[in-house]
Structure formats: structure tokens, C-alpha cells
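Engineer: build the 3D model from these lines:
(chains A and B)
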Amino acid sequence: MTKTAVLAMLDELIALTILDEENVQSFKVRAYEKARRGVENATDDLPALSDTQLTKIDGVGKSTAAKIREYLTIGSVEKIDQLRKKYPPEFVALSNIPGLGPKSIKTLRAKLSINNLADLQTAIDSQQLRELEGFGATSEEKIAKAIERLGISDKNRRFPIADALPLAQALVDRWIEVESVSDATFCGSLRRMNETVADIDITIGASNGPLVAEKVRSSPEITEMLAAGDTKISFLVASGLQVDVRIVSPEQFGAATLYFTGSKAHTIAIRQLALQQNMLLNEYGLFKKTDDGKENILVASQTEQAIYAALGCDYVAPELREASGELEAAAKQALPDFIALTDMKGDLHYHTDRSGDGRSSVEEMVAAAAAKGYSYLAITDHGEDLAINGSNREQMLEHRDKIAALQPSYPNMTLLFGCELNIGPDGGLDYDSDFRALFDYTVASVHSHFDQSVDKQTQRLYNAIADPSVHSIGHLTGRYIGKRPGIELDMQTVFDALVEHDVALEINGSLNRLDAASDVVRQATERGVKLVINTDSHHKSELGRMEYGVLTARRGWATKDLVVNSWPRDKFLTWIGYN
DNA sequence: GCCGTTTTCGGCCCGACTGTTTTCAGTCG
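Structural biologist: Presented below is the predicted three-dimensional model:
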């Protein structure tokens, strides 16, 4: 909570400084942005840090450390208060309008006394903008249009990954089939598996760019065209989501995807690394500078792997590119042994139509898991406490027999009779302890009562974790990304409990959940908490979510040794006490 | 504002597009 507030303070400082310096990337702005990233990657307990420790945070120097201290002590920062007087919030908000930067809005204020959105609208209505030096009729119309769309496309609007990824995948799947296309991928924060994205970036490698561009420009999803060139095309779709498409030659595909994937901070870091080696990196390739500095000789461009290799680095997968230590580790060939999709040996949160919300039969669900080549599978339909979706004791025992009857047909996959237990408001679980002991494997999860205090929620989780029947905690916070916030917890206490009771923390692969979140996973990994990556499938078509769970785990630097369902069958069955 | 294998000053990633301009400024990624 404190860190979130400090980050918000730094965000405001950045926005105000951009205006004050009239430059979105002045050195001071970039310094603040770097400091913000440092704080983001630092400990949650900022007040516990001394002034010296604060300046140890990457990018935080004396001045920023003093501002953070000031904020933590008195809840405000003098510098920000001063800047607010010069630039009130409703004036700063004008910079959310696409196409308007700091220079423009300050010109508008100086020449037309525009201090807020209403002033701007009035000026546009009376066609005053087009008379200004540096503006024109076209600019005025563009700004008017941007304001009209503001509700659906301001610069800060973000979309849940569950909305963006399926569309991006569908577009890529379609365009990769177009004549002369050698490769295509979505990039940006979506490829890095961020939980929310501002837009969809797609890079296409093609020998016949204009032909592909024509195909892209005629896509049926387009509700509004923003830019329609032969190499760069931008459009909006009905949801308001913006799609940016770049078409490059097949030889440039690697350099282009590396650049368009970002993150911005990772891009800057890797370009600095190139500079140190007397090389130049841009979206067209990695180039060696000749001794006279006049010429650049291409070193690598076709694949991202070749570029990292030429820089002396291990390959850094997209989901790791957040400038949180990955490049330093890759340069030393010291990236940890992260979990990979091919390591996964089983799914341990898995529903059938025994659950009210399940939509495939147990036979279908087991067959789908077997097709994945899994060595073990826990079928975890809801316990009795979930009134509509749950099962009573009789139904559960009948279900157990059904699962047991299927086992002989699957000699290579151990079927576990499991349950998704509901964690009640105080941490109570379904059935009674004797009945719960009948399950081979359980995942306990929160499904309701989201509005209790941090202390109460933490105690609630502790009680569930401490129960001997519990093997894992499902979707830790119960959040739905972009729709419902999760419960608030004291994470360190939860991690301690998980370690103490040897219970695994789930990473749920549903795109609506991705819970535990990658930043939580990273802290949990550092604490040595065991992890489990699941699909929470309710239909036979949902097993592919394992990939998203694994990517989220990798974003959280989860190592293979901690992920219990990557373990060989014997080791895993021993861990759960199965015989 | 930050930082140091060029270490307390001098540099800080690199480029495209747009609209306004006659050579560039501003915005964006």
C-alpha cells in the first residue's frame, strides 16, 4: 500500500516535471522515470529503509530519496505542491489527449488562456486553434476528434489482457497466411504478458510489404483508421482498443520485434549495452561502427536470439524484459533456471461438469489432459460450501468412484481425487476434517467476502493454509483483472505461513485471473515458497491456459525447482503423501 | 536528476511520422 502510494507520488512528479521542462524526455524526467522503476522493483516496506538504503535503490539519488522520505513522513512533497500551483490537475489532464504534448498545451494556455478541457472545447468550437502559430486547421480537427474519443482512448486507458490477447492472436493467425509474409507476432506489453495493455502492437515480416499493408488496411475489425501507410498502420476496433501494425522486411524481423516488444526500459538498457561495445542498436538491426565512425556494418537483425548473442548475452525471453535485473543476469550468463511450458507434468486445479460451472464431462476432461501427455492430474470440483457449483458428500463419493473407474484406461497418468475447497470468511473449509482427508489433493480458494480488512483476510488465509488437508492455495486474491480488485493481504505473513506448512501457492492461468500476480510470484520465489501452475479449466478447450500461467510464473522469476507440478510423478506423489 | 573500467563533470537510446514548415518542432513508441 505504501509503495503504491509512493509510486503514485512519483507518477505525479513525472507528469508535472514534463510540463515544467516542456519535454517528455528531458534528462530530469528520465531520471525520475528510472527512479520510479527502481522503486517498483524495490522492497514493499519503504519506510523501513534508511536514507542511505533509499539511495541504494537503482536510479534513486539524494534528491529523489529526500522526496520519498518527505512523502513517507508528512504525506506530501513541497516540490510537488509548488508545481501543482503552476499546473493544476485539470490543466495537467489536458496532456491525456492524444496528440497534445507539454509544449502544445502550454502554448494553448499562454495564447488562449486554456486551463481545462472545457476551455479547449470552446476554443475549438470557435475555430481559434487554427489561427495559432504552429497549429493549423488539420491540427484543430485532429484534437477535436481526439477529445470526442477521450472517454474510450485517452493515453492512460488500459485493457485487460483477456480482452486483448484473443484479438491479437486472431489477427496474427490471419495475417501470417498472407502471401509473402515470413513471420508475424504480437509485441509490446501483450507479448511481455502484462496484465493490462494500452494497445496491440503487431510486427509482420514480409517480402511484399505493400501487398500485406493493403490486406491489413482492409481488415473487417477496423472501426476507425488512424494512420494508413505502407509500413505503419494504426486503427481502432469497436472496443476502443488501438492496433498498431508495422511491416518490415524478413531480414529485419528480429530487430523490429525486439524493439516493439520493449519494455521501453529494457530497450534503453540493451541499447546502452550496445553502445558500450561500440555498436548501434535500432529497430533495423545491430550494427558495428567502423573505426572512423562513419559507417555501420550489420552484425545481426533477423532474429532476437542472434542480437542477444552478438551482444554477449543469453537470450532474454519477452516476459522477462522489464528492466528488473534480467539484462545484467543475461550478460553474465546467469539467468536462473526458470520454469518452462515443456516442464509441466500435470494440472492440479481442474473441473468437470460435477461442478455447477463445469461444462465438460469427467471422461472428456481426463482425455484432454492425457492428450497433453501429463503424468498426473488432480480433478478438483467445488466443495459443498459453494451453494450453486458445489457437491455434497454423496455426490463427491460417487465422483470418486467414477474417477477411479477411469484410472485403468490411463496407465501413464495418475488420477487424483481432489477438491477445490472454499475458504470461508474466517478461513473455514467445506465438510469436516475427516471427510477432507479423503481427498488425494486439494486446492483451497477464496470466492467471496472480498471486503474485509487486511488483518482479517491475512488471518483467514493463515487458517486455511494451516489446515492439514490443504495442499495449495488457489487464485490467491480472487481478483478479476480490470473488473474486480482482489482481497488485500499482508503477503510476507502469507508467504511465511506457506513455507511453514509446506503449502504451494497457485499461479492461475486464466487470463482473467493470472493470480498470484507476477510481482507476488517474484517475492514468493525469493522467500522460497513452493508454487503450482494450473489452468482452472472448466471446459476441455481451456487446457491451453497453462502457457499463460507459465509465462506469469516466468515474469515472477519462478525457478523450476519450486514448481511442484513440474516435478516427476514419484517426487510429486511423495510430496502430497499419496499412496 | 543520476552516475562512474572515461569516477565529481559531462553525458544521458534511437528513430518515424505528422503538420507545419522551407529546414524543423513536437509527439510518440
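
Engineer: when you work out contacts or count neighbours from here on, use the C-alpha atoms and nothing else.
Structural biologist: Fine.

Engineer: quick one: low-confidence ranges for the stretch 51-200 of chain A?
Structural biologist: Applying pLDDT under 70 to the stretch 51-200 of chain A flags residues A:151-155.

Engineer: what does it have sitting close to DNA strand B?
Structural biologist: Residues of the stretch 51-200 of chain A lying close to DNA strand B by CA under 7 Å from any atom of the strand are A:55-65, A:95, A:97-105, A:130, A:133-140, A:142, A:155.

Engineer: residue ranges of the strands in the stretch 301-450 of chain A, please?
Structural biologist: For the stretch 301-450 of chain A, applying DSSP state E, counting those that start in this stretch gives strands covering A:346-347, A:376-379, A:414-422, A:441-445.

Engineer: let me redo that: the stretch 151-300 of chain A
Structural biologist: Per DSSP E, counting those that start in this stretch, the stretch 151-300 of chain A carries strands over the ranges A:159-160, A:181-186, A:196-197, A:199-206, A:224-228, A:232-236, A:242-248, A:279-282, A:285-289, A:296-300.

Engineer: and the residues of the stretch 51-200 of chain A next to DNA strand B, which are buried?
Structural biologist: A:55-61, A:64-65, A:95, A:97-98, A:100-105, A:130, A:140 (16 or more other CA atoms under 10 Å).

Engineer: so of those residues, which ones are in helices?
Structural biologist: Mapping these onto helices (DSSP state H) picks out A:Thr55, A:Lys56, A:Thr64, A:Ala65, A:Pro102, A:Lys103, A:Ser104, A:Ile105, A:Glu140.

Engineer: among these, which two are most distant?
Structural biologist: By the measure CA to CA, those have their two most distant members at A:Lys56 and A:Glu140, which lie 46.8 Å apart.

Engineer: so where is chain A shaky, pLDDT-wise?
Structural biologist: Along chain A, the parts satisfying pLDDT under 70 run over A:1, A:151-155, A:291-294.

Engineer: per-domain residue ranges of it.
Structural biologist: Domains of chain A are assigned by automatic domain parsing as A:2-152, A:159-248, A:254-331, A:341-575.

Engineer: so what does the strand or helix carrying A:Arg36 touch, helix or strand wise?
Structural biologist: Element membership for A:Arg36, per DSSP states H and E: helix A:27-41. Counting contacts by 3 or more CA pairs under 8 Å, 6 or more residues apart in numbering; DSSP states H and E, helix A:27-41 is packed against helix A:2-21.

Engineer: how many neighbouring residues does the nearest residue to A:Ile222 once chain neighbours are set aside have?
Structural biologist: Excluding the flanking residues, the one nearest A:Ile222 by CA to CA, 6 or more residues apart in numbering is A:Val237, at 5.0 Å. As a burial measure, A:Val237 scores 15 neighbours (other CA atoms under 10 Å).

Engineer: residue contacts, A:Val237?
Structural biologist: Shown in contact with A:Val237 (CA atoms under 8 Å, 6 or more residues apart in numbering): A:Glu221, A:Ile222, A:Thr223, A:Glu224, A:Val243.

Engineer: ChimeraX command for the buried members of the residues you listed?
Structural biologist: To isolate the buried members of the contacts of A:Val237 in ChimeraX, using 16+ other CA under 10 Å:
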select /A:222,243
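
Engineer: how about the strands of the stretch 301-450 of chain A, which one is nearest DNA strand B?
Structural biologist: strand A:346-347 (36.2 Å; CA to the nearest atom of the strand).

Engineer: chain center to the helix or strand containing A:Thr52, what's the gap?
Structural biologist: For A:Thr52, the enclosing helix or strand under DSSP H and E is helix A:51-56. With CA atoms, centre = their mean, to the nearest Å as the basis, helix A:51-56 stands 29 Å off its chain's centre.

Engineer: can you pull the contacts of the residue nearest to the spatial centre of chain A?
Structural biologist: By CA atoms, centre = their mean, chain A has its centre lying nearest to A:Asn194, at 1.8 Å. Contacts for A:Asn194 (CA under 8 Å, 6+ apart) come out as A:Ile161.

Engineer: so how far is A:Ser76 from the nearest residue to A:Tyr87 once chain neighbours are set aside?
Structural biologist: Computed as CA to CA, 6+ apart, the closest residue to A:Tyr87 that is not its neighbour in sequence is A:Leu16, at 7.1 Å. A:Leu16 sits 15 Å away from A:Ser76, going by CA to CA, to the nearest Å.

Engineer: look at those two and report which has more neighbours.
Structural biologist: A:Leu16 (24 against 15).

Engineer: any idea how far that one is from A:Leu281?
Structural biologist: Distance from A:Leu16 to A:Leu281, by CA to CA: 31 Å.

Engineer: state which one residue of the stretch 351-500 of chain A is found closest to DNA strand B.
Structural biologist: Nearest residue of the stretch 351-500 of chain A to DNA strand B, counting by CA to the nearest atom of the strand: A:Gly482, 20.2 Å away.

Engineer: against DNA strand B, how distant is the closest residue to that residue other than its chain neighbours?
Structural biologist: In this structure, A:Gly482 finds its nearest non-sequential neighbour in A:Pro160, 5.5 Å apart by CA to CA, 6+ apart. Applying CA to the nearest atom of the strand, to the nearest Å, the value for A:Pro160 to DNA strand B is 17 Å.

Engineer: quick one, what contacts A:Pro160?
Structural biologist: With CA under 8 Å, 6+ apart, A:Pro160 has these contacts: A:Glu195, A:Thr196, A:Val197, A:Ile481, A:Gly482, A:Asn512.
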